[in-house]
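A.B. asks: here is my input, please return the structure:
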Amino acid sequence: MPRSMTGFGQADENGYHVEIKGVNHRFRDIRVRLPKDLSALEIPIRDMVNEAIARGKVDVTITKIATPSSQQKAAINWELAESVYEDLRLMADRFGGEVSFRDVLTVPGIMAEESHDIEEQWPLLQVPIKAAIEAFCTSKHDEGVRLKADMVSRLDSILAMHKNMETYAGEMIDMYRDRLISHMESLLSERGPMIDQSRMEQEVAIMADKSDITEELVRLQSHITSFKEVIDFPETSIGRRLDFLLQEINRELNTIGSKSQITPLSHIIIDAKTEVEKIREQVQNIE
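C.D. replies: Residues are numbered from 1 along each chain as shown. Okay, the predicted model is just below:
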(Lines give C-alpha, C1' and ligand atoms only; values in the text may rest on other atoms or scores of the structure.)
Protein backbone atom coordinates (compact mmCIF):
# COMPACT_ATOMS: atom_id res chain seq x y z
CA MET A 1 0.00 0.00 0.00
CA PRO A 2 1.56 3.33 -0.99
CA ARG A 3 2.25 5.91 1.68
CA SER A 4 2.72 9.55 0.81
CA MET A 5 5.81 11.50 1.89
CA THR A 6 3.50 14.43 2.62
CA GLY A 7 1.89 14.42 6.03
CA PHE A 8 1.37 16.19 9.34
CA GLY A 9 1.09 15.05 12.93
CA GLN A 10 1.06 16.78 16.31
CA ALA A 11 0.59 15.96 19.98
CA ASP A 12 0.51 17.73 23.37
CA GLU A 13 1.65 15.67 26.34
CA ASN A 14 3.61 16.18 29.56
CA GLY A 15 4.16 19.88 28.94
CA TYR A 16 5.50 19.50 25.40
CA HIS A 17 4.02 20.29 22.00
CA VAL A 18 5.40 18.22 19.12
CA GLU A 19 4.77 18.90 15.43
CA ILE A 20 5.98 16.72 12.55
CA LYS A 21 5.66 17.86 8.93
CA GLY A 22 6.78 15.90 5.88
CA VAL A 23 7.16 16.70 2.18
CA ASN A 24 8.55 14.76 -0.75
CA HIS A 25 12.31 14.42 -1.10
CA ARG A 26 14.56 12.05 -3.00
CA PHE A 27 16.29 10.91 0.17
CA ARG A 28 15.61 10.88 3.92
CA ASP A 29 16.23 14.27 5.52
CA ILE A 30 15.17 14.81 9.15
CA ARG A 31 15.53 18.17 10.88
CA VAL A 32 14.82 18.66 14.58
CA ARG A 33 14.10 21.97 16.31
CA LEU A 34 13.80 21.92 20.10
CA PRO A 35 14.48 24.08 23.18
CA LYS A 36 18.15 24.75 23.89
CA ASP A 37 18.16 22.87 27.19
CA LEU A 38 16.98 19.74 25.35
CA SER A 39 19.58 19.91 22.59
CA ALA A 40 21.28 16.76 23.90
CA LEU A 41 18.15 14.80 22.90
CA GLU A 42 18.32 15.72 19.22
CA ILE A 43 19.95 12.44 18.15
CA PRO A 44 17.55 10.09 20.02
CA ILE A 45 14.61 12.14 18.70
CA ARG A 46 15.98 11.86 15.17
CA ASP A 47 16.37 8.09 15.66
CA MET A 48 12.72 7.75 16.69
CA VAL A 49 11.51 9.55 13.57
CA ASN A 50 14.05 7.75 11.41
CA GLU A 51 12.50 4.39 12.31
CA ALA A 52 9.09 5.57 11.09
CA ILE A 53 10.00 6.81 7.61
CA ALA A 54 12.02 5.63 4.62
CA ARG A 55 12.12 8.77 2.45
CA GLY A 56 11.12 12.40 2.59
CA LYS A 57 12.07 15.70 4.16
CA VAL A 58 10.71 15.80 7.71
CA ASP A 59 10.71 18.75 10.11
CA VAL A 60 10.24 18.01 13.80
CA THR A 61 9.47 20.98 16.06
CA ILE A 62 9.28 20.63 19.84
CA THR A 63 8.23 23.44 22.17
CA LYS A 64 7.35 23.64 25.83
CA ILE A 65 3.82 24.48 26.88
CA ALA A 66 2.89 26.02 30.21
CA THR A 67 0.87 23.72 32.45
CA PRO A 68 0.55 23.59 36.24
CA SER A 69 2.64 20.42 36.29
CA SER A 70 5.25 21.37 33.73
CA GLN A 71 5.71 25.13 34.06
CA GLN A 72 9.22 25.83 35.19
CA LYS A 73 9.87 28.11 38.11
CA ALA A 74 12.04 31.15 37.50
CA ALA A 75 15.27 31.10 39.49
CA ILE A 76 16.62 34.55 40.49
CA ASN A 77 20.25 35.12 41.26
CA TRP A 78 19.63 37.61 44.05
CA GLU A 79 23.28 38.13 44.90
CA LEU A 80 24.10 39.04 41.29
CA ALA A 81 20.94 41.16 41.00
CA GLU A 82 21.84 43.23 44.05
CA SER A 83 25.38 43.74 42.83
CA VAL A 84 24.21 44.82 39.39
CA TYR A 85 21.62 47.15 40.90
CA GLU A 86 24.23 48.91 43.04
CA ASP A 87 26.50 49.38 40.02
CA LEU A 88 23.65 50.73 37.91
CA ARG A 89 22.52 53.07 40.72
CA LEU A 90 26.03 54.47 41.06
CA MET A 91 26.13 55.06 37.30
CA ALA A 92 22.73 56.77 37.46
CA ASP A 93 23.89 59.05 40.30
CA ARG A 94 26.97 60.01 38.31
CA PHE A 95 25.48 60.37 34.86
CA GLY A 96 21.84 60.97 35.67
CA GLY A 97 18.77 58.82 35.24
CA GLU A 98 16.82 56.24 37.18
CA VAL A 99 17.29 52.52 37.69
CA SER A 100 14.44 50.00 37.76
CA PHE A 101 14.24 46.23 38.06
CA ARG A 102 13.76 46.04 34.28
CA ASP A 103 17.29 47.37 33.84
CA VAL A 104 18.57 44.63 36.13
CA LEU A 105 16.69 41.92 34.20
CA THR A 106 18.56 42.79 31.00
CA VAL A 107 21.79 41.51 32.50
CA PRO A 108 22.51 37.86 31.57
CA GLY A 109 22.38 35.45 34.48
CA ILE A 110 19.92 37.39 36.63
CA MET A 111 17.05 35.04 35.82
CA ALA A 112 17.33 31.46 34.64
CA GLU A 113 14.90 28.64 34.22
CA GLU A 114 15.13 25.99 36.83
CA SER A 115 17.13 23.19 35.28
CA HIS A 116 15.84 19.63 35.15
CA ASP A 117 17.70 16.41 34.74
CA ILE A 118 17.54 15.62 31.03
CA GLU A 119 17.32 11.91 31.81
CA GLU A 120 14.10 12.65 33.67
CA GLN A 121 12.71 14.69 30.77
CA TRP A 122 13.41 12.11 28.05
CA PRO A 123 10.70 9.59 29.11
CA LEU A 124 8.22 12.47 29.36
CA LEU A 125 9.14 13.77 25.92
CA GLN A 126 8.91 10.35 24.26
CA VAL A 127 5.15 10.23 24.89
CA PRO A 128 4.17 13.20 22.66
CA ILE A 129 6.82 12.26 20.09
CA LYS A 130 5.34 8.78 19.68
CA ALA A 131 1.82 10.23 19.47
CA ALA A 132 2.89 12.79 16.86
CA ILE A 133 4.68 10.12 14.81
CA GLU A 134 1.55 7.95 14.87
CA ALA A 135 -0.62 10.87 13.69
CA PHE A 136 2.01 11.73 11.06
CA CYS A 137 2.05 8.17 9.69
CA THR A 138 -1.76 8.04 9.64
CA SER A 139 -1.81 11.26 7.62
CA LYS A 140 0.74 9.83 5.17
CA HIS A 141 -1.29 6.62 4.82
CA ASP A 142 -4.54 8.50 4.13
CA GLU A 143 -2.86 10.61 1.47
CA GLY A 144 -1.34 7.43 0.01
CA VAL A 145 -4.82 5.92 -0.37
CA ARG A 146 -5.92 8.94 -2.38
CA LEU A 147 -2.80 8.80 -4.54
CA LYS A 148 -3.35 5.10 -5.19
CA ALA A 149 -6.95 5.64 -6.31
CA ASP A 150 -5.84 8.30 -8.78
CA MET A 151 -2.98 6.18 -10.16
CA VAL A 152 -5.13 3.07 -10.59
CA SER A 153 -7.73 5.11 -12.46
CA ARG A 154 -5.08 6.40 -14.87
CA LEU A 155 -3.56 2.94 -15.30
CA ASP A 156 -6.99 1.61 -16.25
CA SER A 157 -7.22 4.36 -18.86
CA ILE A 158 -3.87 3.26 -20.31
CA LEU A 159 -5.07 -0.37 -20.38
CA ALA A 160 -8.13 0.73 -22.35
CA MET A 161 -5.79 2.49 -24.78
CA HIS A 162 -3.71 -0.70 -24.88
CA LYS A 163 -6.65 -2.58 -26.38
CA ASN A 164 -6.98 0.04 -29.09
CA MET A 165 -3.25 -0.24 -29.77
CA GLU A 166 -3.65 -3.99 -30.30
CA THR A 167 -6.44 -3.34 -32.79
CA TYR A 168 -4.34 -0.87 -34.77
CA ALA A 169 -1.32 -3.18 -34.57
CA GLY A 170 -3.28 -5.84 -36.47
CA GLU A 171 -4.41 -3.33 -39.09
CA MET A 172 -1.06 -1.62 -39.55
CA ILE A 173 0.42 -4.14 -42.00
CA ASP A 174 -2.64 -4.16 -44.26
CA MET A 175 -2.76 -0.38 -44.22
CA TYR A 176 0.93 -0.18 -45.13
CA ARG A 177 0.45 -2.72 -47.96
CA ASP A 178 -2.48 -0.76 -49.39
CA ARG A 179 -0.57 2.51 -49.09
CA LEU A 180 2.50 1.05 -50.81
CA ILE A 181 0.49 -0.47 -53.66
CA SER A 182 -1.45 2.76 -54.17
CA HIS A 183 1.77 4.74 -54.24
CA MET A 184 3.45 2.37 -56.72
CA GLU A 185 0.41 2.26 -58.98
CA SER A 186 0.33 6.04 -59.04
CA LEU A 187 3.99 6.18 -60.06
CA LEU A 188 3.67 3.50 -62.74
CA SER A 189 0.21 4.32 -64.06
CA GLU A 190 1.59 5.58 -67.35
CA ARG A 191 3.78 2.49 -67.90
CA GLY A 192 1.21 -0.16 -67.25
CA PRO A 193 0.95 -2.86 -64.61
CA MET A 194 4.61 -3.46 -63.84
CA ILE A 195 4.35 -4.14 -60.09
CA ASP A 196 6.29 -7.20 -59.01
CA GLN A 197 3.96 -8.82 -56.48
CA SER A 198 6.69 -10.94 -54.90
CA ARG A 199 8.88 -7.87 -54.45
CA MET A 200 5.89 -6.00 -53.09
CA GLU A 201 5.21 -8.70 -50.50
CA GLN A 202 8.89 -8.74 -49.57
CA GLU A 203 8.81 -5.01 -48.89
CA VAL A 204 5.65 -5.43 -46.84
CA ALA A 205 7.27 -8.25 -44.86
CA ILE A 206 10.32 -6.09 -44.13
CA MET A 207 8.13 -3.24 -42.98
CA ALA A 208 6.01 -5.64 -40.92
CA ASP A 209 9.10 -6.78 -39.07
CA LYS A 210 10.26 -3.21 -38.45
CA SER A 211 6.87 -1.95 -37.30
CA ASP A 212 5.75 -4.99 -35.29
CA ILE A 213 4.76 -3.81 -31.82
CA THR A 214 3.55 -7.13 -30.41
CA GLU A 215 6.44 -7.51 -27.99
CA GLU A 216 6.15 -3.92 -26.80
CA LEU A 217 2.42 -4.36 -26.17
CA VAL A 218 3.06 -7.52 -24.14
CA ARG A 219 5.73 -5.82 -22.05
CA LEU A 220 3.57 -2.72 -21.61
CA GLN A 221 0.72 -4.77 -20.19
CA SER A 222 3.16 -6.70 -17.97
CA HIS A 223 4.62 -3.49 -16.54
CA ILE A 224 1.16 -2.08 -15.83
CA THR A 225 0.19 -5.32 -14.06
CA SER A 226 3.40 -5.19 -12.01
CA PHE A 227 2.73 -1.56 -11.11
CA LYS A 228 -0.70 -2.46 -9.77
CA GLU A 229 0.72 -5.37 -7.80
CA VAL A 230 3.38 -3.19 -6.19
CA ILE A 231 0.90 -0.55 -4.99
CA ASP A 232 -1.06 -3.37 -3.32
CA PHE A 233 2.00 -4.57 -1.37
CA PRO A 234 1.69 -4.26 2.42
CA GLU A 235 5.12 -2.59 2.45
CA THR A 236 5.12 1.19 2.70
CA SER A 237 8.42 2.06 0.98
CA ILE A 238 7.62 1.38 -2.68
CA GLY A 239 8.26 4.74 -4.34
CA ARG A 240 11.51 3.77 -6.05
CA ARG A 241 10.04 0.56 -7.49
CA LEU A 242 7.05 2.44 -8.82
CA ASP A 243 9.34 5.02 -10.39
CA PHE A 244 11.33 2.27 -12.13
CA LEU A 245 8.19 0.57 -13.48
CA LEU A 246 6.90 3.91 -14.72
CA GLN A 247 10.13 4.43 -16.64
CA GLU A 248 9.66 1.03 -18.29
CA ILE A 249 6.04 1.84 -19.19
CA ASN A 250 7.17 5.09 -20.77
CA ARG A 251 9.97 3.29 -22.63
CA GLU A 252 7.52 0.86 -24.27
CA LEU A 253 5.20 3.69 -25.26
CA ASN A 254 8.11 5.56 -26.85
CA THR A 255 9.09 2.47 -28.85
CA ILE A 256 5.53 1.88 -30.01
CA GLY A 257 5.26 5.51 -31.00
CA SER A 258 8.46 5.33 -33.04
CA LYS A 259 7.16 2.28 -34.91
CA SER A 260 3.69 3.64 -35.51
CA GLN A 261 2.66 4.03 -39.15
CA ILE A 262 -0.89 5.10 -38.32
CA THR A 263 -1.93 8.56 -37.19
CA PRO A 264 -4.71 7.34 -34.83
CA LEU A 265 -2.20 5.04 -33.09
CA SER A 266 0.22 7.95 -32.67
CA HIS A 267 -2.55 9.99 -31.09
CA ILE A 268 -3.28 7.17 -28.63
CA ILE A 269 0.40 7.03 -27.68
CA ILE A 270 0.37 10.76 -26.95
CA ASP A 271 -2.70 10.37 -24.72
CA ALA A 272 -1.12 7.40 -22.93
CA LYS A 273 2.11 9.31 -22.29
CA THR A 274 0.08 12.20 -20.91
CA GLU A 275 -1.46 9.82 -18.37
CA VAL A 276 2.00 8.46 -17.54
CA GLU A 277 3.25 11.96 -16.76
CA LYS A 278 0.30 12.54 -14.43
CA ILE A 279 1.06 9.26 -12.68
CA ARG A 280 4.72 10.28 -12.43
CA GLU A 281 3.69 13.42 -10.55
CA GLN A 282 1.90 11.23 -8.02
CA VAL A 283 4.75 8.75 -7.74
CA GLN A 284 7.08 11.61 -6.78
CA ASN A 285 5.07 11.87 -3.55
CA ILE A 286 5.19 8.15 -2.73
CA GLU A 287 7.57 7.11 0.03
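A.B. asks: flag the shaky bits of the stretch 151-287 of the chain, pLDDT-wise.
C.D. replies: Scanning the stretch 151-287 of the chain for pLDDT under 70 picks out 173, 176-211, 236.
A.B. asks: show me where it has helices.
C.D. replies: Remark: helices assigned in the stretch 151-287 of the chain by DSSP state H, counting those that start in this stretch are 197-211, 214-230, 239-259, 263-283.
A.B. asks: which elements pack onto the third one?
C.D. replies: Going back to what we said before, that points to helix 239-259. Counting contacts by 3 or more C-beta pairs under 8 Å, 6 or more residues apart in numbering; DSSP states H and E, helix 239-259 packs against helix 214-230, helix 263-283. Every C-beta, even on glycine, is put in place using the N, C-alpha and C of the backbone.
A.B. asks: and the contacts of the longest one?
C.D. replies: Right, the one you point to is helix 263-283. The contact list for helix 263-283 (C-beta atoms under 8 Å, 6 or more residues apart in numbering) reads 147, 150-151, 154-155, 157-158, 161-162, 164-165, 168-169, 172, 239, 242-243, 246, 249-250, 253-254, 256-257, 260.
A.B. asks: so where is the stretch 1-150 of the chain shaky, pLDDT-wise?
C.D. replies: Residues of the stretch 1-150 of the chain meeting the criterion pLDDT under 70: 66-74, 112-116.
A.B. asks: list the helices and strands the host helix or strand of residue 91 packs on?
C.D. replies: In the assignment (DSSP states H and E), residue 91 maps to helix 78-95. Judged by 3+ C-beta pairs under 8 Å, 6+ apart, helix 78-95 is in contact with helix 101-105.
A.B. asks: which outside residues touch the helix it packs on?
C.D. replies: Here helix 101-105 makes contact (C-beta under 8 Å, 6+ apart) with 81, 84, 85, 88, 110, 111.
A.B. asks: for residue 38, state which of these is nearest.
C.D. replies: Nearest to residue 38 among the contacts of helix 101-105, counting by C-beta to C-beta, is residue 111 at 19.2 Å.
A.B. asks: surely residue 216 touches residue 255?
C.D. replies: Yes - using C-beta atoms under 8 Å, residue 216 is in contact with residue 255, at 5.0 Å.
A.B. asks: those two: which is more packed in?
C.D. replies: Neighbour totals were compared for residue 216 and residue 255, and residue 216 leads with 20 against 16 (other C-beta atoms under 10 Å).
A.B. asks: the domain parsing of this structure - what is it?
C.D. replies: What automatic domain parsing lists as the domains of the chain is 7-69+120-141, 74-113, 144-283.
A.B. asks: right, so of those, which gets closest to residue 1?
C.D. replies: Short answer: domain 144-283, nearest of these by C-beta to C-beta, at 6.4 Å.
A.B. asks: first vs last residue of that closest one, how far apart are they?
C.D. replies: 10 Å (C-alpha to C-alpha, to the nearest Å).
A.B. asks: relative to the whole chain's centre, how far out is that domain?
C.D. replies: Between the centre of domain 144-283 and the centre of its chain there are 29 Å (C-alpha atoms, centre = their mean, to the nearest Å).
A.B. asks: tell me the contacts of residue 140?
C.D. replies: Shown in contact with residue 140 (C-beta under 8 Å, 6+ apart): 3, 4, 5, 6, 7, 22, 287.
A.B. asks: and residue 230, by the same measure?
C.D. replies: Residues near residue 230 by C-beta under 8 Å, 6+ apart: 238, 241, 242, 245.
A.B. asks: between those residues, which sits nearest residue 225?
C.D. replies: Ranked by distance to residue 225 (C-beta to C-beta), the contacts of residue 230 are led by residue 245 at 9.8 Å.
A.B. asks: correct me if wrong: the closest one contacts residue 223.
C.D. replies: Yes - contact criterion C-beta under 8 Å: residue 245 and residue 223 qualify, at 5.5 Å.
A.B. asks: now residue 29: which helix or strand?
C.D. replies: strand 28-33.
A.B. asks: can you name the element that comes right after that strand?
C.D. replies: helix 42-50.
A.B. asks: how many neighbouring residues does residue 222 have?
C.D. replies: Residues lying near residue 222 (other C-beta under 10 Å) number 14.
A.B. asks: got it, and residue 149?
C.D. replies: Residue 149: 10 neighbours (other C-beta under 10 Å).
A.B. asks: quick revisit: what's the angle between the strand holding residue 29 and helix 42-50?
C.D. replies: Put simply, strand 28-33 runs at 130 degrees to helix 42-50, going by axes from the mean of the first three to the mean of the last three C-alpha atoms, to 10 degrees.
A.B. asks: in strand 28-33, which residues are buried?
C.D. replies: By neighbour count on 16 or more other C-beta atoms under 10 Å, the buried set for strand 28-33 is 30, 32.
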